[in-house]
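>>> Provided below are the primary sequence and the corresponding predicted coordinates.
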Amino acid sequence: MRQLSLLRMAVLDRLRPVEWQRTLATAAVVGVLGALATIGFRSLIQLTEHFLYGRSDSLVQIARGLVWWKRLLAPACGGIVAGLLLAIAHRQPEASTGGDYMEAIALGDGEIGVRASCWRALSSAATVASGSAIGREGPMVQLAAMAGSLIGKWRKMPVPRRRLYVACGAAAGIATAYNAPIASAMFVSEIVLRSVAIESLGPLIVAAVAANIVVSELAGFAPVYHMPHITLAHGMPTLVLALLGLFAGATAPIYLSMLDRFRAWFGKWHGPLWLKLASGGLLVGAISIVEPGVWGNGYSVVNAILQGGWLVQALLVILVLKLLAVSITTGSGAVGGIFTPTLFTGAVVGALFGNLVHAYWPGLVPEPAAVAVGMGAFLAACTHAPLMSILMIFEMTESYDVVVPLMAACVLAYSISRMLHTASIYATANDVAARSPALAIAADLLREDPPTIRVGQSMRELEAVFLRRRWQHVYVLDGQSRFVGAISLHDFAPALQAARDFGATWPDSLMRLDYPRVEDTAPAWQVIERFASHPGERLPVLDPAGRLLGYVTKTDLVLIFRDITAASGA
């Protein structure tokens, strides 16, 4: 019996899961749930389109098959429904926590309101299915991030960990929307968290990969954009395509200013929300009478441009009208994503650049290469996230030939755009992060229910605690629940082997009286000082009377300092 106990203790000492492993496992669960949420939202839109039009393929093709007055009224009617649903979302008691997932990560509590987010998702479905020019990825990511918020709340995680799980959900949503797991992790790292620390990047990658596996099994895998096979020579073609970064960096601020201007115009609206969205939809419908290609997020049009053969006049028309439609839709307050319309704009900018190069140096640069590099460069210029943009285009097109010029163009576009327009397309979330106060005391990082043993309990009871909780240390409490020390598993195993009576009280010599601890009011810098001299992952947290309240983990503290560094712009 004693040998079996010793064997169990030895196995426990070698195989006990550490906090980092549990975090990665939870991130995988968040990724799976996030993928299911986004697949469900995509199915909802397809069902709505099939109900309205009898088909659910390309919105542009649907628009081309409608008579002009249906093309005019469909986005307006969708705006009415979307506005009514959005008004319901605003009336939810939890509306203050049902905002954008970026704010939920940056503001400090990591909670997303379930009902408000669901109503907003329904509003977005009405907007997207009725033909307004906006992406569907926004609500998809929001719902996936909500799954991470629910997991963190259910497990009673401290604020930094809840933030991290919301970020994992966001990465899962982006991975599901674009079949780009690496880029999705970098999107959240570069744009939302503004940090590539392994404490956050590792769980983001796990969540994105888990989501990608789910969507591949349930919905099949295919690149988002169908890139024709090209052979791109090094040297002059690479240098010419790199110059596309200058072009994209100079034009992106115009695009960002246009979006801001329309938001400001619609911001002066004081009428009912449903009428505001309906007006925006009616304007988009009027534009679609001239050009049906403005409907939807632009996937089908970009894929058509990638195949080549577009005239400059046609590219200019679709660019101007699509920009108007996107600006009107987002300015009116419709819920949706701006990421895909930004890719659309970059594709047209790249195609125009490719046509210009072809006019002077025929055959030097394949037009699909210019389109792909234009998408990445324009995305980098608008998001101020060049690494994410490089990975995103590579994963969405699966074209290795464009990677080298893409890298150069993205960095150039980012540099030029940031010099001309300091704010990115996601500036609101970053501004919130910069203004939010960082959590500063141990109580903000508190986790409950550490493994404990009372003074005077038996060896058998102590062994049961070690086997049940699988921690390296068990905290010792006196009769008034005051913390007096800790017992190490390494010290307990030899004592267990030497013990003759398992029912006897564990010896006082096992307890380490100088085990480090912190008070609940201790500032973060003081907690990290304690960890500097303590090799473990956890520290007990006490109230002023010395009673054990819970514990803090080193990983949560690192996440807090990551947020402080991001907010300071370091």
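Ah, there it is. Keep in mind that what you see is a predicted model, and the values were worked out from it rather than measured. Residues are numbered from 1 along each chain as shown.
>>> And what about residue 280, helix, strand or coil?
Of the three states, residue 280 takes helix under DSSP: H, G, I helix; E, B strand; the rest coil.
>>> again, but for residue 514
coil.
>>> oh, and call the first residue 51 from now on, that's how I've got it
With 51 as the first residue, the last one maps to residue 564.
>>> Quick one: neighbours of it, just the number.
Residue 564: 7 surrounding residues under other C-beta atoms under 10 Å. Where you see a C-beta, it was placed from the backbone N, CA and C, and this is true even at glycine.
>>> For the nearest residue to it once chain neighbours are set aside, name its beta-bridge partners.
Spatial nearest neighbour of residue 564, chain neighbours left out: residue 535 (7.7 Å); criterion: C-beta to C-beta, 6 or more residues apart in numbering. Counting by DSSP bridges, residue 535 is bridged to residue 526.
>>> count of residues packed around residue 535?
Residues near residue 535, counting by other C-beta under 10 Å: 20.
>>> so what's it up against?
Applying C-beta atoms under 8 Å, 6 or more residues apart in numbering to residue 535 gives the contacts 525, 526, 561, 562, 563, 564, 565.
>>> Neighbour-wise, give me the winner out of these.
Neighbour counts for those peak at residue 526, which has 26 neighbours (criterion: other C-beta under 10 Å).
>>> sorry, back to before: redo the contacts of residue 535 as a markdown table? Include distance to residue 220 and pLDDT.
Formatted as a markdown table, those follow (distance: C-beta to C-beta, whole Å; pLDDT from 0 to 100):
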| residue | distance to residue 220 | pLDDT |
| --- | --- | --- |
| 525 | 35 | 93 |
| 526 | 41 | 92 |
| 561 | 45 | 89 |
| 562 | 42 | 89 |
| 563 | 45 | 89 |
| 564 | 43 | 88 |
| 565 | 38 | 91 |
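>>> Output the residues you listed in JSON lines, with distance to residue 322 appended to each entry.
Formatted as JSON lines, these follow (distance: C-beta to C-beta, whole Å):
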{"residue": "525", "distance to residue 322": "58"}
{"residue": "526", "distance to residue 322": "64"}
{"residue": "561", "distance to residue 322": "68"}
{"residue": "562", "distance to residue 322": "67"}
{"residue": "563", "distance to residue 322": "68"}
{"residue": "564", "distance to residue 322": "67"}
{"residue": "565", "distance to residue 322": "62"}
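>>> re the thing from before, how close does the residue nearest to residue 564 sit to residue 572?
Using C-beta to C-beta, to the nearest Å, residue 535 is found at 19 Å from residue 572.
>>> and residue 559, how many neighbours?
8.
>>> what about it, is that helix, strand or coil?
Applying three-state DSSP: residue 559 is helix.
>>> Then residue 451?
Under three-state DSSP, residue 451 falls in the coil class.
>>> Once you drop chain neighbours, what's closest to it?
Of all residues not flanking residue 451 in the chain, residue 282 sits nearest, at 4.2 Å (C-beta to C-beta, 6+ apart).
>>> Just the pLDDT for the one you found.
Listed pLDDT for residue 282 reads 77.
>>> In a strand, it, correct?
No - judged by three-state DSSP, residue 282 forms no part of a strand; its state is coil.
>>> and it, what does it touch?
288, 415, 416, 419, 451, 452, 455.
>>> now swap in residue 562 and tell me
535, 536, 537, 538, 541.
>>> What are the boundaries of the strands in this protein?
Residue ranges of the strands in the chain, as given by DSSP state E, are 502-504, 523-527, 533-538, 561-562, 568-569, 588-592, 598-603.
>>> Dump stretch 133-146 to CSV, keeping only the CA atoms.
Provided in CSV are the C-alpha atoms of stretch 133-146 (Å, rounded to 0.1, in the frame of the first residue of the first chain):
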residue,chain,number,x,y,z
GLY,A,133,-31.9,49.2,-37.2
LEU,A,134,-34.7,47.7,-35.1
LEU,A,135,-32.6,44.8,-34.0
LEU,A,136,-29.7,47.1,-33.1
ALA,A,137,-32.1,49.3,-31.1
ILE,A,138,-33.1,46.2,-29.1
ALA,A,139,-29.4,45.4,-28.5
HIS,A,140,-28.8,48.9,-27.2
ARG,A,141,-31.7,48.5,-24.7
GLN,A,142,-30.2,45.3,-23.1
PRO,A,143,-29.1,45.8,-19.5
GLU,A,144,-25.7,44.4,-20.4
ALA,A,145,-25.3,46.7,-23.5
SER,A,146,-22.3,48.4,-21.8
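>>> List the buried residues in that stretch.
For stretch 133-146, burial by neighbour count (16 or more other C-beta atoms under 10 Å) applies to 133, 134, 135, 136, 138, 139, 142, 145.
>>> cool, stretch 316-334 as well?
Across stretch 316-334, burial judged by 16+ other C-beta under 10 Å covers 316, 319, 323-324, 326-334.
>>> same deal with stretch 595-607?
Buried-residue list, stretch 595-607, by 16+ other C-beta under 10 Å: 598, 599, 600, 601, 602, 603, 604, 605, 606, 607.
>>> So the fifth one sits against residue 587, correct?
No - here residue 602 does not reach residue 587: they are 9.7 Å apart, not a contact under C-beta atoms under 8 Å.
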